[in-house]
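Visitor: For reference, the sequence and a predicted model appear below.
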Number of protein chains: 2
Amino acid sequence: MPGGSPQTLRPFLWRARQLYADTEVVSRTHEGIVRYDYDGYGDRVAQLANALEAAGYGNGERIATFCWNHHRHFETYFGVPGMGAQPHTINPLLPDKHVQYIVENAADRTVFVDQSLLPKLEGAVADDPDPFETVERYVVMGDSVPETDLETVAYESFIGDQPTTYDWPELAEDRPAGLCYTSGTTGQPKGVEYTQQMLWSHTMGIQSPQGIPLADDDVVMPVVPMFHVNAWGLPFSATAGGAKHVYPGPKPSPEDLAGLIEDEGVTVTAGVPTVWLGLMEYVEEHDVDLSSLDRLVVGGSAAPEAMIRFFDDRGVELVHAWGMTETAPVGAVSHVKHGLADTDYDTRLEKRRKQGLVVPGLEFRVVDDEGEAVPHDGEAFGELHVRGPWVTTEYFARPEATEAEFADGYLKTGDVVTVDPDGYIDIVDRAKDVIKSGGEWISSQELENELLGHDAVAEAAVIGVPHERWQERPLALVVPSGAEEDSLSDTLREYIRQNYPNWWVPDNVVTVEEIPKTATGKFDKKVLRDEYADESLVEGRVPDEAAPE
Amino acid sequence: MPGGSPQTLRPFLWRARQLYADTEVVSRTHEGIVRYDYDGYGDRVAQLANALEAAGYGNGERIATFCWNHHRHFETYFGVPGMGAQPHTINPLLPDKHVQYIVENAADRTVFVDQSLLPKLEGAVADDPDPFETVERYVVMGDSVPETDLETVAYESFIGDQPTTYDWPELAEDRPAGLCYTSGTTGQPKGVEYTQQMLWSHTMGIQSPQGIPLADDDVVMPVVPMFHVNAWGLPFSATAGGAKHVYPGPKPSPEDLAGLIEDEGVTVTAGVPTVWLGLMEYVEEHDVDLSSLDRLVVGGSAAPEAMIRFFDDRGVELVHAWGMTETAPVGAVSHVKHGLADTDYDTRLEKRRKQGLVVPGLEFRVVDDEGEAVPHDGEAFGELHVRGPWVTTEYFARPEATEAEFADGYLKTGDVVTVDPDGYIDIVDRAKDVIKSGGEWISSQELENELLGHDAVAEAAVIGVPHERWQERPLALVVPSGAEEDSLSDTLREYIRQNYPNWWVPDNVVTVEEIPKTATGKFDKKVLRDEYADESLVEGRVPDEAAPE
């Protein structure tokens, strides 16, 4: 059988040491700023691998991390998968019951845990009916261990006496090299395994010009937590590119981030919009030097237009990226195409605020309820299905979820999107939230945004209510910004009618005091749908054309 | 088993059509300039796939091309492997007997051939004792077919009536998707198969910042023939990046190349030094606008320093790349590292003239005769061994060659190199030409370059002559630039001694009228070694220290 040698993470670290021995890894920790180079990093990664081998690992055992972004967490990124165990990042912000489910589902053997997160973990363990029975040891990130009932060892003691060289094995490319759980807003979290090949592929994919390429003159600061899909894969791609790494540590404030950008000369950083809103406020009130910063990558949810303009005004390119746990994660990046480079600013902005252009190496399709492809006209919408070498094809130990969420080799993303003639993908809704009326789809998000544009509205959620004739009809729930008025429902329905066809207009607008939210702060539409599953709420108000003509 | 979908070429063309339907493919042919876009290209590639399927192919049958660089050849690049047959480029410059061997070894079923190359192919067929018995048809690239005894069809008739859509199958990633033979200066040519995965990997590898990244604002002109390792993979990476393609057609003159650069706005071009020497002369004598040109990639053999300076002076970055048929082909690219960006011009030049930095995703080692790694000090040298996802691990149907040229998962490149502390690889000799004296190696290429620096020398070849005590000793053969002189041998030996240790000094310098050369214009050292395998030529002149101290 012809073919090259396996695709693994090994060559990336090997090359960084060969070519960039002196390039730095900088980390903000509870012990202060820690600073070493790829050579020092490589030594410690080898020590970690030796320690894990001495502990009897190396055959796919799952090793969890419960940590923020710092150099020790980064050491596990190459050390654990490189020696043949499987790293597994756990989101410490999850409810205890999710953490308990995840540790049991993954059968973790060791947990690396930050000192600051130890109390949270202790709580989850103590509270567990079957307290973390697969876990053999907890390694606390630091020099010493605080008092605790858990079986702990300090990280520096764990690796300290080990040799600084390690004979990295040649692993098969289908060897699992990562494991991350989706947030699980509905049902239990689902695990996504990343093989060596998937991580190699994702790294190479995002290093291409239309990904998030990192070169040896870049200084990369991932603010996105390392427990969110490997900090979007940036620790791997930064190493492949020979870039300098900056890890901002536990809960960095806007001041911390601004300081690291200035002090370390950060050229590329990445995180969710909330982080950048905080930085924007800080920059407006303080004298911050952003001149080193070249690109700011935004993902997780859409970047507001005002944010794009804010950073443009300061010479920083805001790059919008889309992805999911299941896509390892980057699937699309919103670069301005060459053909659009000469268009006016607003046209470019309109493209840049979308989820973007598919990264080379992946394929997608957008299909309606009947599985038919919808046209790429920027108007028709359907569910986004995606496939490719770094898109998973199954969930970990969850065959029923795999059955439900994959089709014909594609991942059903659950995102409802349009694609414009230039190829830009734009999310208009989540598939489970889209309202299906007379065989056509109505975007709940779009109606919510429209309602928010009205002065009388503070919050708005739109859901589909089951309807005999039309399948579903939209119902709006609004928190008024001022005093309650009797005519608000009619006023807002008329307001919507100005810009949308009759059949999009909600049959009813119900005034509520608050809208229930999930643990991650999103509207809990499942609760809303259960509570308002009453056809009478949308009966008798259906316009003549509750479906398109 | 977790993992993403297979790595194949399909997503690259799919994406280019989705995002860059209007981007052009331009081709210089015997019919004049042909111009269409990715949409038109995609239609024709689908027609080709349908035609091949109608002809009964799609199950790994080998389909050869005997063609220069043009749009129809490019259509075979995606059409043939995409529908499940295996494309096989043949170098039309090879001697007939090599072409005959290759077609028989590959068992080609169809040959696509340029009109201008048909006579050459007819000759090889007619002359074959078993005339191309596996070949069922010859498809002549063009509208019509000249008179010939072969079973031919015109390409445009072959694909003309076929539908412009094709349901591209999902192929396994270990499916062979290419086949190229090494030049075979010693023995018969050896075949290297490229799988879908190897081509995907190579494409992604060279798209990274330290490869030869091509973006959607690039206009790429591969001058390197498409029968030389897929034109160094650029037709694939240009498609992945959404770049415009320019194919310069059969035997482009410097004037043709200059015209295409100016007319099409070429930003990146690639070829062997000989091509650029021709362009340099043309540019010096004519008013050529090189302002669009950003990068000029040189491979195949080393770029002279004067060439690098010439293009630097004109705002064109000369990028030196190293590779082999076995490495698909790009393995190293000579970028200036960030840490060297502020050094003076000569220091950077010294780095840039080397073969360069290994591309991310590959690994190498440099070993001496005993298989021990040599230090990366820029002085010690050994044979370069390389491995990675796009480096082959075997030769096609040649187990004995596979046995000889691979070790521990590494390809033994046959290149003798140094690696400097910055990681730059520098070829000092071919392994088979290096002279082994007293357990140490002497670079024949280095001595040849030194001899060429003497005014009295027009050509110089240095070989190892078997020697009982020292294993081998160097013998120089020189073509004098002027009249023959008796003392030339002593003069030149003294000249060498100025810069080299005694044991490097050739024992003898023999004056010859010409040095025998191979079909590709290189010194035929095999012939020289046979002819001068006489210890008396190096006997009695061995210095006291014919080995290092």
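Guide: Perfect, thanks for sending it.

Visitor: make it CA atoms for all contacts and neighbour counts henceforth
Guide: Will do.

Visitor: Can you check what pLDDT the model gives the closest residue to chain B within the stretch 301-450 of chain A?
Guide: Across the stretch 301-450 of chain A, the shortest distance to chain B (CA to the nearest CA) belongs to A:Pro389, at 4.2 Å. What the model reports as pLDDT for A:Pro389 is 97.

Visitor: Please pull out the lowest mean pLDDT helix or strand from chain A.
Guide: One helix or strand of chain A scores below all others by mean pLDDT, DSSP states H and E: strand A:440-442, with a mean of 80.

Visitor: can you give me how far stretch A:488-507 is from the chain middle?
Guide: Centroid separation for stretch A:488-507 versus its chain: 34 Å, with CA atoms, centre = their mean, to the nearest Å.

Visitor: I meant to write stretch A:347-363 there.
Guide: Chain-centre distance of stretch A:347-363: 17 Å, with CA atoms, centre = their mean.

Visitor: average pLDDT across that stretch?
Guide: Mean pLDDT, stretch A:347-363: 96.

Visitor: is it true that the residue of the stretch 301-450 of chain A closest to chain B touches A:Gly361?
Guide: Yes - using CA atoms under 8 Å, A:Pro389 makes contact with A:Gly361 at a distance of 7.4 Å.

Visitor: more neighbours, these two?
Guide: With other CA atoms under 10 Å in any protein chain shown as the criterion, A:Pro389 and A:Gly361 differ in neighbour count, and A:Gly361 comes out ahead with 29 against 24.

Visitor: which SSE is the closest residue to that one other than its chain neighbours in?
Guide: Leaving aside its sequence neighbours, A:Gly361 sits nearest to B:Pro11 (CA to CA, 6 or more residues apart in numbering or on different chains; 5.4 Å). Assigned by DSSP states H and E, B:Pro11 falls within helix B:10-19.

Visitor: Identify the neighbouring strands of the very next helix or strand once past that helix in the sheet and state each direction.
Guide: Remark: after helix B:10-19, the chain's next helix or strand is strand B:24-29, criterion DSSP H and E. Strand pairing for strand B:24-29, determined by DSSP bridges: strand B:32-37 (antiparallel), strand B:244-247 (parallel).

Visitor: so where is the stretch 101-250 of chain A shaky, pLDDT-wise?
Guide: Applying pLDDT under 70 to the stretch 101-250 of chain A flags the ranges A:183-187.

Visitor: at 90 instead, please
Guide: Low-confidence segments of the stretch 101-250 of chain A (pLDDT under 90): A:127-131, A:182-189.

Visitor: Using CSV, write down the CA coordinates of the helix holding B:Pro11.
Guide: This file holds the C-alpha atoms of helix B:10-19, laid out as CSV (Å, rounded to 0.1, in the frame of the first residue of the first chain):
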residue,chain,number,x,y,z
ARG,B,10,-12.3,16.7,-4.3
PRO,B,11,-12.8,19.5,-1.8
PHE,B,12,-10.2,21.8,-3.5
LEU,B,13,-12.0,21.9,-6.9
TRP,B,14,-15.4,21.9,-5.2
ARG,B,15,-14.4,25.0,-3.2
ALA,B,16,-12.9,26.8,-6.1
ARG,B,17,-16.1,26.5,-8.0
GLN,B,18,-18.2,27.5,-5.1
LEU,B,19,-16.2,30.6,-4.2
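
Visitor: Residue ranges of each domain in chain A, please.
Guide: A:12-207, A:362-430, A:435-537 (automatic domain parsing).

Visitor: So for B:His467, which of these sits nearest?
Guide: domain A:12-207 (38.1 Å; CA to CA).

Visitor: residues from the stretch 401-549 of chain A in reach of chain B?
Guide: Applying CA under 8 Å from any CA of the partner chain, one finds that the stretch 401-549 of chain A approaches chain B through A:Gly409, A:Asp422, A:Gly423.

Visitor: so how many other residues sit close to A:Glu284?
Guide: Other residues within reach of A:Glu284, judged by other CA under 10 Å, total 10.

Visitor: cool, A:Ala258 as well?
Guide: Considering only other CA under 10 Å, A:Ala258 is surrounded by 21 other residues.

Visitor: what do you get for A:Glu484?
Guide: A:Glu484, neighbours per other CA under 10 Å, totals 12.

Visitor: With A:Asp346 instead?
Guide: For A:Asp346, the count of nearby residues is 9 (other CA under 10 Å).

Visitor: And it, how far from A:Ile308?
Guide: Per CA to CA, to the nearest Å, A:Asp346 is found 11 Å from A:Ile308.

Visitor: about what we covered before: now do the next helix or strand after the least confident helix or strand of chain A: which elements does it pack against?
Guide: Downstream of strand A:440-442, the first helix or strand assigned by DSSP H and E is helix A:444-452. The elements that helix A:444-452 packs onto, with contact taken as 3 or more CA pairs under 8 Å, 6 or more residues apart in numbering or on different chains; DSSP states H and E, are strand A:425-430, strand A:457-467, helix A:488-497.

Visitor: for helix A:444-452, which positions count as buried?
Guide: A:Ser444, A:Gln445, A:Leu447, A:Glu448, A:Glu450, A:Leu451, A:Leu452 (16 or more other CA atoms under 10 Å in any protein chain shown).

Visitor: swap in stretch A:109-123?
Guide: A:Arg109, A:Thr110, A:Val111, A:Phe112, A:Val113, A:Asp114, A:Gln115, A:Leu117, A:Leu118, A:Leu121, A:Glu122.

Visitor: Okay, now the sheet partners of the helix or strand in which the fifth one is found, with direction.
Guide: This means A:Val113. Taking DSSP H and E as the criterion, A:Val113 maps to strand A:110-114. Applying DSSP bridges to the sheet, strand A:110-114 is found paired with strand A:62-66 (parallel), strand A:137-141 (parallel).

Visitor: I'd like to know which of those is closest to B:Pro87.
Guide: Here strand A:62-66 is closest among the strands paired with strand A:110-114 (CA to CA), at 43.0 Å.

Visitor: What lies in contact with that closest one?
Guide: Strand A:62-66 has contacts (CA atoms under 8 Å, 6 or more residues apart in numbering or on different chains) with A:73, A:80, A:85-92, A:106-114, A:117, A:227.

Visitor: Quick one: mean pLDDT for that strand?
Guide: Rounded mean pLDDT across strand A:62-66 is 98.

Visitor: follow-up on the earlier one: give me the pLDDT for the residue nearest to A:Gly361.
Guide: 97.

Visitor: you'd agree it is up against A:Val358?
Guide: No - B:Pro11 lies out of contact with A:Val358 (CA under 8 Å); the separation is 10.3 Å.

Visitor: more neighbours, those two?
Guide: Using other CA under 10 Å, the more surrounded residue of B:Pro11 and A:Val358 is A:Val358, with 25 against 21.

Visitor: Turn the helices and strands packed on helix A:444-452 into a markdown table, including distance to B:Ile427 and mean pLDDT.
Guide: Output for the helices and strands packed on helix A:444-452, formatted as a markdown table (distance: least, CA to CA, whole Å; pLDDT from 0 to 100):
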| stretch | distance to B:Ile427 | mean pLDDT |
| --- | --- | --- |
| strand A:425-430 | 47 | 90 |
| strand A:457-467 | 67 | 91 |
| helix A:488-497 | 71 | 92 |
